[in-house]
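A.B. asks: predicted model and sequence below, questions to follow.
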Amino acid sequence: MSPISPTAFQNTLQAATTQQIHTYTTITSITIRWEKDDTKAHKVTPYFKNILQTLNLPPAIEHIIRHSHSHPNPNIPFQKAIHDILAKSKPRTKNDHNLLIVHYAGHAFTKNGQLTFAETATATSEKTVNADTYLLKDVRAVHLDTLLILDYCYIGNIPTRAATITNRVVEILAATSTQTPRNRISSENTFTAKLAEEIDRRQRSGHTYIEFPDVFQTLKSHGERDKLRPTHALLVGVGSVVLPLSGSGTVDPGSIAPVCTVLFSVSVTEGLTKEEMRDLRALMRKLPCYAGLELDRVYPGKAMCLVLRSALSVYTKLHRVQGYSLIAEGVGAPIEIDCLV
């Protein structure tokens with residue numbers, strides 16, 4: 001992977017280790033499902049509504065993709081629904097900072113290299129929607145934060161992002177379980193239900209806010225128990241959606257040690273000076289406990305390679321950013337080789 005400049009490295013690392021509660025001007029939500037799917041998606045929608053209630057957010061607009069011969073091409077009403085919700089969510093002034101939450105429950109697969117929503121696992125083209133074109137492409141183009149909660153069994157490849165900082169994020173949380181077919185998962189064991197359960201647990205435990213990569217990290221640590229393989233990805237930005245939890249919570253989530261630690265590398269052009277290395281270590285010492293960020297090794301060369309450890313919730317915001325590469329998940333502190341021989 002191509003190296004990045006020292007400035008880009010410092011800026012992206014700073015952004016990824018920052019948990020900042022956003023004061024959104026408006027928050028709008030939409031939940032999407034097929035009318036005649038075979039996954040009982042209608043039983044999943046209430047769990048998404050529970051998430052919104054726990055976060056003290058307005059109810060979601062519900063879009064049901066009809067099994068109707070009057071609309072032989074479901075892409076048309078789907079595209080209109082997305083355009084309508086984007087128009088409703090768009091900032092009205094330059095000072096507005098809005099959030100759109102999109103929830104989908106049902107089948108999905110790759111068709112011609114593009115993410116496709118489908119009425120059934122074997123749906124014909126008449127009962128599929130091109131989600132790449134009519135959802136992901138459109139939310140990337142509108143200047144607002146977007147959180148996509150996709151409760152299906154597939155997520156496509158996320159393209160590499162430039163190591164630049166934007167003032168918006170487009171964030172995906174998805175279920176990618178391959179152990180159980182989507183239509184055999186009971187509603188209480190779906191990704192949406194587990195997400196609702198974890199957010200509710202945090203509120204009852206007195207957490208003051210939630211950061212969605214941190215919630216993803218917890219769900220992934222429960223993967224074997226819940227038979228779920230959650231995925232997190234960013235299409236735009238290096239930050240994440242952070243929302244306050246209602247109630248009289250006093251627990252700072254930043255003070256909680258990570259439940260999953262990863263090892264990753266970053267390739268930096270020109271290398272870092274001694275002063276920049278001191279600044280990097282000073283930054284790490286100041287970070288809250290949740291980040292778990294430590295410098296393991298530095299390898300000089302034509303481009304300097306730094307090997308670091310962090311919480312999975314931090315690295316997932318850097319995954320697919322130019323210069324960064326995952327080495328291993330679930331790692332502990334390094335062991336000196338002399339101790340092994």
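C.D. replies: Alright, I've got the coordinates.
A.B. asks: can you confirm Leu308 is in a helix?
C.D. replies: No - counting by DSSP: H, G, I helix; E, B strand; the rest coil, one finds Leu308 to be strand, located in no helix.
A.B. asks: can you tell me the closest non-neighbouring residue to it?
C.D. replies: Leu295 (5.6 Å; C-beta to C-beta, 6 or more residues apart in numbering). Just so you know, the C-beta spots here come from the backbone N, C-alpha and C atoms, and that holds for glycine as well.
A.B. asks: can you give me phi and psi for the one you found?
C.D. replies: When read as degrees, to the nearest 10, the backbone of Leu295 gives phi -90, psi 120.
A.B. asks: contact partners for it?
C.D. replies: Contact analysis of Leu295 by C-beta atoms under 8 Å, 6 or more residues apart in numbering lists 280-281, 284, 306-308.
A.B. asks: top of those residues by neighbour count?
C.D. replies: The most neighbours of any of those, using other C-beta atoms under 10 Å, belong to Leu308, which has 24 neighbours.
A.B. asks: quick one, helices of the stretch 51-200 of the chain?
C.D. replies: Along the stretch 51-200 of the chain, the segments classed as helices by DSSP state H, counting those that start in this stretch run 75-89, 131, 137-141, 191-204.
A.B. asks: quick one, grab the pLDDT at the residue nearest to Leu308.
C.D. replies: pLDDT recorded at Leu295 is 92.
A.B. asks: re the thing from before, select, out of the helices of the stretch 51-200 of the chain, the one closest to Arg33.
C.D. replies: Taking C-beta to C-beta, helix 191-204 is the member of the helices of the stretch 51-200 of the chain nearest to Arg33, at 10.7 Å.
A.B. asks: name the residues of that closest one that are buried.
C.D. replies: Residues of helix 191-204 classed as buried: 191-199, 202-203 (neighbour count, 16 or more other C-beta atoms under 10 Å).
A.B. asks: among these, which two are most distant?
C.D. replies: The widest separation within those (C-beta to C-beta) is 18.9 Å, between Phe191 and Gln203.
A.B. asks: how many neighbours does Ile76 have?
C.D. replies: 12.
A.B. asks: do Asp96 as well
C.D. replies: Asp96: 13 neighbours (other C-beta under 10 Å).
A.B. asks: and it, how far is that from Tyr24?
C.D. replies: Distance of Asp96 to Tyr24, computed by C-beta to C-beta, to the nearest Å: 9 Å.
A.B. asks: where does the stretch 201-341 of the chain dip in pLDDT?
C.D. replies: 224-226, 336-341 (pLDDT under 70).
A.B. asks: state the distance from Ile210 to Arg202.
C.D. replies: In this view, Ile210 and Arg202 are 6 Å apart by C-beta to C-beta.
A.B. asks: which residues do the two both contact?
C.D. replies: When contacts are counted by C-beta under 8 Å, 6+ apart, the set common to Ile210 and Arg202 consists of 245, 253.
A.B. asks: related to what we said a few turns ago, tell me the one of the buried residues of helix 191-204 nearest Ile76?
C.D. replies: Thr192 (26.5 Å).
A.B. asks: next up, the contacts around the residue nearest to Val215 when sequence neighbours are not counted.
C.D. replies: Leaving out its chain neighbours, the residue that sits closest to Val215 by C-beta to C-beta, 6+ apart is Glu198, at 5.6 Å. Neighbouring residues of Glu198 by C-beta under 8 Å, 6+ apart: 215, 218-219.
A.B. asks: try Ser313
C.D. replies: Applying C-beta under 8 Å, 6+ apart, the residues near Ser313 are 211, 213-214, 216-217, 258, 290.
A.B. asks: go on, Gly271?
C.D. replies: If you count contacts by C-beta under 8 Å, 6+ apart, Gly271 has them with 6, 300, 303-304.
A.B. asks: sounds good, over and out.
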